[in-house]
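> sequence first, then the predicted structure, then my questions.
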Amino acid sequence: MQIVTCIKQVPDTTQVKIDPVKGTLIREGVPSIINPFDAHALEEGLRLKDRYGFKVTAISMGPPSAEVTLRNAVAVGVDNVILLSDRAFGGADTLATSMVLATAIRKLNEEEEVALVLCGKQTIDGDTAQVGPGIATRLGFQQLTSVDRIEELDLKNKRITVRCKFEERYEILNSCFPAMIAVLREINRPRYPTVPMRLMAQDYKVTVWDNKIMQMNENEIGLKGSATAVRRIFSPDRAKGQILGGDEVQDPEDAARMLINKLVSKNLISLQ
Amino acid sequence: MTLRVTMFAIVFAVAIIFFLWSCWQRFSLVTLGRADNRFDRIGLRFVNMLLYAFGQKRVVSGKYPFGWNHFIFFWCFLILLISNTEFLLHGLFPEVIALSYLPQGLYYALALIFDIVSIVALVAVIVAISRRLWFAPKYIDAKTVDAFVILGLVGILMLAFFSLHGSDIALGNEQAAAYMPVSSFVGMLFSGIMPATLETMKLVFWWIHAFALLGFLCYLPYSKHMHILTSIPNCFFKSIDKVNTQTPEVFQKENVYGAGRVDRMRWKDLFDSYSCTECGRCTDNCPAASTGKDLKPRLVIHDIKVNLLHNGGLIRKGKEPQLPLIGGGREGSVKEDTIWACTTCGACMEVCPVFIEHVPKLVYMRRDLVEMQAKFPDELLSLFENLENRSNPWGIIPAERGRWVAEVQAPAFEKGKTEYLFYTGCAGSLDTRNKRNTAAIARILNAAGVSWGTFGKDEKCCGDSARRLGNEYVFDRMARENIKVFNDAGVKKIIVECPHCYNTLKNDYKQFGGDFEVIHHAELISQLIESGRLKLEGKVDAGRLVFHDSCYLGRYNGVFDQPRKLIEMATGKAPLEMKKNRELSFCCGAGGGRMWMEETEGTRINMARVNQAMESDPDTICVCCPYCVTMMEDGLTDIKAPEKVKVIELSELVEKALK
Ligand SMILES: Cc1cc2nc3c(=O)[nH]c(=O)nc-3n(C[C@H](O)[C@H](O)[C@H](O)COP(=O)(O)OP(=O)(O)OC[C@H]3O[C@@H](n4cnc5c(N)ncnc54)[C@H](O)[C@@H]3O)c2cc1C
Ligand code: SF4
Ligand code: SF4
């Protein structure tokens, strides 16, 4: 039985700025990283592998440069990685993305039964949190979202119990296989690659599936398969900020006092 | 051949064979270690051996007056080596070899020397036993069987020597009696005894002497006194340069990294472990040990030795070692917490009388944990990722690095035009408090009209923390990348603000082909003043100012005087000194990557250092390192020091004194 983890390469968004003229993201020169949530999904997959002996496959849809992210997954111990890359997949929204990912998972299932699909709750660039549920829907898998702990896994009966964290409540859910689990960052602490694994991963040959292999209908993928389109990206207008001054090093108390007075005057905090 | 000679020949042969076999058993294990060239600059090595082994230069260092007792021991031992060799040879070939066969003058002179030296040695034994029993310092394991066996054997040897010669003198057989005052005194005590009894006594004392001597020899390799055999060569093999860097690794498939097994230490590290005298000075000076951490550098060395003896045989046969070097939870295995507690301050290495290199060993063990096992304290995960992905420890956006440039007039480095690259380092360019030092340095450089420039936002972290924390793989990449950038930009001379960058750029990068003239701001400012390009007015009122030596500037690189001179020039007064200063300075707690780690065990090192500074009732604590700034300021807050006490970086002080 295998676990498939979906990982996405994203720009380090803290370094991304919006081009005010074109209304697009300036991605140039911004380093790419693994979507932080997906690092946790990957780790959870590896922990289940360590404990129950699942095979772990990582898949990613993205440009050829996303290979690096998959290589890093190999360095932490994933058994198999597949890059879903084709010009025709480009420009996909969450619908088309989940279609491609679901098709890949179906293909993997033919090779070896897929018990669980692990996704991050959301990405830090697209931020929709739709792809995980999208995959589950397309595949008819159970959906377990916002999971911050795996409570129990029963291999024999093919069941899993998880804890989902919502605002002000937890839910403990028990589900059969196959299931899609979208994880929160609290679920674990990702591991760090050892040097021998890193060196091995450097020469690892990443399998690439293009649409010749995937054989998907052109209307289901990429721009054409997308139900939505981006009209405009912009930063909301914001009243200009004000620098209060004060010297946080020489006289931090005075600086704090100024800040508090300001917040009080704006009715943002009260001293009562 | 008389019966006695035959019997002695047998005892002697057995003892010598046993001794040689033990030595072979032990010393052959040293060859299991990794390669390390300690055979270069032979002339200098001989000088070191004369100075430090025979001259005992470090043993008698000021802080340890008891070292003189060892000095006496050592020389008595060397002199009595001649006497005892004569004793053994005479025992084997009584007809051929004896002191009395020598020309009379020489015979009498040697008899006098041996007699006097033996009584001196006996006194030294008594002093040593008393110290262990009643005046033991807490950093040694005073009451070990091992120590008393050896002291006892030496004492017995001396007593047997006097009794043997005393009997001879009482019998009237000793021509040199007049030159043997102590033996003659014993002879006088024996004077009433019957000659036949004296003959028997003589025989008994002869055998006691023989057994004590051979027993000592056979016991040697099994005790801490193995250092008698190893410390002289260890001073020969000692690192000629300061131990301020670690050996790089070759990153290649199939290689293993770090020292997760004892045979992955360098051979010199293994030889070191045999040379430890268990004097405990390293532990006595260790900031981690003295603030209650589970790190006693002496025990680290001891555990390596025990581990080697335990596993060496198996490893030699190509089998897996039984006792893990790290985390085995018993003697001969080093705890992980111990390995992480080290600040790499180097105080241990500075005081070790036999030049044992503790820091590289701890770093090699860290490498195993990080590189082979990916096992390290949680805090380090984000540090490593930040260093690798954003080239600074905090994970701040790299573009922020250029922000300080806007605050002062800081020119960009221009290839072929600018003389000095000012490498500000992570703390100097990103930490709010330490950006003030950076600005101060910039203004000083401008005032002196130095041709300098920065890389601004394109500067990258030097990698010091990665290296000291055992992440050599990440360090290796950072070092190579920086060296390439420096070379491509035509950088020849580099000014650094931080002693950690200083050591890394100057000493670590050499191993990767980085050949730059690296200079710390304290050194450069001193030069600028000497050449008249900068003038200071000694009028800054910093009140009572005490100076704290940063480990990586002082102990690691020998920069002690320049900061002190600059302080004097700026304030008109020499700085106050803490009890632990210069080579014996006490770490602020931030080195070795400890800056980025929690300090939960024991008390905090920075608080201990600040308390030491407070002993001189200062108004100002002057430091030369951004990490020290942070640690000392935090320390002052933590000990609730009076508000008036301020931490100042040397550059800030100099800036105030600019004319
Ligand atoms: C309205 C809209 C229009 C868009 N139009 C375009 C467009 O025209 N062109 C364009 O390039 N992008 C476009 N995007 C962005 C793109 O659709 C999303 O980045 C992508 O579909 C994934 O969605 P997300 O990033 O929100 O992922 P989320 O749903 O937040 O991600 C949840 C989890 O799904 C998995 N996952 C998501 N994406 C992948 C992937 N590619 N590979 C593997 N696993 C993945 C991960 O486990 C992730 O943690 C659009 C987004 C929106 C909302
Ligand atoms: S380097 Fe410093 S902290 Fe580390 S063991 Fe030596 S004395 Fe202790
Ligand atoms: S390592 Fe050096 S300083 Fe420490 S106990 Fe051994 S000999 Fe003494």
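In hand now; what should we look at? Ligands and ions are numbered 1, 2, ... in the order given.
> CA atoms for contacts and neighbours, from now on please.
Will do.
> in the lengthiest strand in chain A, what counts as buried?
In chain A, ranked by residue count with DSSP state E as the criterion, the top strand is strand A:142-154. Buried positions in strand A:142-154, judged by neighbour count with 16 or more other CA atoms under 10 Å in any protein chain shown: A:142, A:143, A:144, A:145, A:146, A:147, A:148, A:149, A:150, A:153.
> residue contacts, the second one?
Contacts for residue A:143 (CA atoms under 8 Å, 6 or more residues apart in numbering or on different chains) come out as A:133, A:136, A:179, A:180, A:181.
> make a markdown table from those residues and add distance to residue B:233, neighbour count and pLDDT to it.
Output for the contacts of residue A:143, formatted as a markdown table (distance: CA to CA, whole Å; neighbours: other CA atoms under 10 Å in any protein chain shown; pLDDT from 0 to 100):
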| residue | distance to residue B:233 | neighbour count | pLDDT |
| --- | --- | --- | --- |
| A:133 | 70 | 21 | 97 |
| A:136 | 70 | 20 | 97 |
| A:179 | 67 | 22 | 97 |
| A:180 | 66 | 27 | 98 |
| A:181 | 64 | 27 | 98 |
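> show me what contacts the spatially closest residue to residue B:515 that is not a sequence neighbour?
In this structure, residue B:515 finds its nearest non-sequential neighbour in residue B:509, 7.4 Å apart by CA to CA, 6 or more residues apart in numbering or on different chains. Contacts of residue B:509 were listed using CA under 8 Å, 6+ apart, and they are B:479, B:483, B:515.
> count of neighbours near residue 42?
Picking chain A for this. 29 (other CA atoms under 10 Å in any protein chain shown).
> that answer is for a different chain, and I need it for chain B
12.
> swap in residue B:410?
For residue B:410, the neighbour count with other CA under 10 Å is 21.
> next up, the contacts around it.
B:442, B:453, B:454.
> wait, isn't residue B:644 in contact with residue B:619?
Yes - assessed by CA atoms under 8 Å, residue B:644 is found in contact with residue B:619 at 6.1 Å.
> looking at the two, which is more packed in?
Ranked by neighbour count (other CA under 10 Å), residue B:644 and residue B:619 place residue B:619 first, with 19 against 10.
> got the phi and psi for that one?
Backbone geometry at residue B:619, expressed as degrees, to the nearest 10, gives phi -100, psi -30.
> need the contact list for it.
Residues in contact with residue B:619 (CA under 8 Å, 6+ apart) are B:542, B:543, B:544, B:545, B:644, B:645, B:646.
> still on that earlier bit, between residue B:644 and residue B:619, which contacts overlap?
Common neighbours of residue B:644 and residue B:619 (CA under 8 Å, 6+ apart) do not exist.
> need the strands for the chain, in chain order.
Using chain A. Under DSSP E, chain A gives strands at A:2-6, A:9-11, A:17-18, A:25-26, A:32-34, A:55-61, A:80-84, A:114-120, A:142-154, A:159-166, A:169-176, A:179-183, A:207-209.
> was after chain B, sorry
B:420-423, B:452-453, B:493-496, B:517-520, B:545-547, B:576-577, B:620-623, B:646-649.
> and those strands as CSV, adding mean neighbour count, mean pLDDT and distance to chain A?
Formatted as CSV, the strands of chain B follow (neighbours: other CA atoms under 10 Å in any protein chain shown; pLDDT from 0 to 100; distance: least, CA to the nearest CA, whole Å):
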stretch, mean neighbour count, mean pLDDT, distance to chain A
strand B:420-423, 26, 97, 23
strand B:452-453, 23, 96, 24
strand B:493-496, 24, 98, 23
strand B:517-520, 20, 98, 25
strand B:545-547, 25, 97, 19
strand B:576-577, 17, 97, 25
strand B:620-623, 24, 97, 15
strand B:646-649, 20, 96, 11
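> now do the same for residue A:25: its pLDDT.
Predicted confidence (pLDDT) for residue A:25: 68.
> out of the strands of chain A, flag the one nearest residue B:6.
Closest approach to residue B:6 among those (CA to CA): strand A:55-61, 75.2 Å.
> got the contact list for that closest one?
With CA under 8 Å, 6+ apart, strand A:55-61 has contacts from A:1-9, A:42, A:45-46, A:49, A:66, A:70, A:73, A:78-85, A:97, A:100-101.
> within reach of ligand 1, which of those are there?
A:6, A:7, A:8, A:97 (CA under 6 Å from any ligand atom).
> got the contact list for the second one?
With contacts defined as CA under 8 Å, 6+ apart, the neighbours of residue A:7 are A:34, A:35, A:38, A:39, A:42, A:58, A:59, A:60, A:119, A:120.
> now the third one
For residue A:8, the residues meeting the contact criterion (CA under 8 Å, 6+ apart) are A:34, A:35, A:38, A:60, A:61, A:62, A:66, A:69, A:123.
> quick one: buried residues of stretch B:3-20?
Applying 16+ other CA under 10 Å to stretch B:3-20 flags B:5, B:8, B:9, B:12, B:15, B:19 as buried.
> thought the fifth one was touching residue B:213?
No - between residue B:15 and residue B:213 there is no contact, the gap being 10.0 Å when judged by CA under 8 Å.
> what pLDDT does the model give the closest residue to residue B:514 other than its chain neighbours?
Nearest non-adjacent residue to residue B:514, counting by CA to CA, 6+ apart: residue B:483, 5.6 Å away. At residue B:483, the model reports a pLDDT of 98.
> ok, now which ones touch residue B:483?
Contact analysis of residue B:483 by CA under 8 Å, 6+ apart lists B:509, B:513, B:514.
> would you turn the strands of chain A into a markdown table with distance to residue B:473?
As requested, the strands of chain A are exported to a markdown table (distance: least, CA to CA, whole Å):
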| stretch | distance to residue B:473 |
| --- | --- |
| strand A:2-6 | 27 |
| strand A:9-11 | 23 |
| strand A:17-18 | 32 |
| strand A:25-26 | 31 |
| strand A:32-34 | 19 |
| strand A:55-61 | 25 |
| strand A:80-84 | 24 |
| strand A:114-120 | 29 |
| strand A:142-154 | 33 |
| strand A:159-166 | 37 |
| strand A:169-176 | 42 |
| strand A:179-183 | 31 |
| strand A:207-209 | 27 |
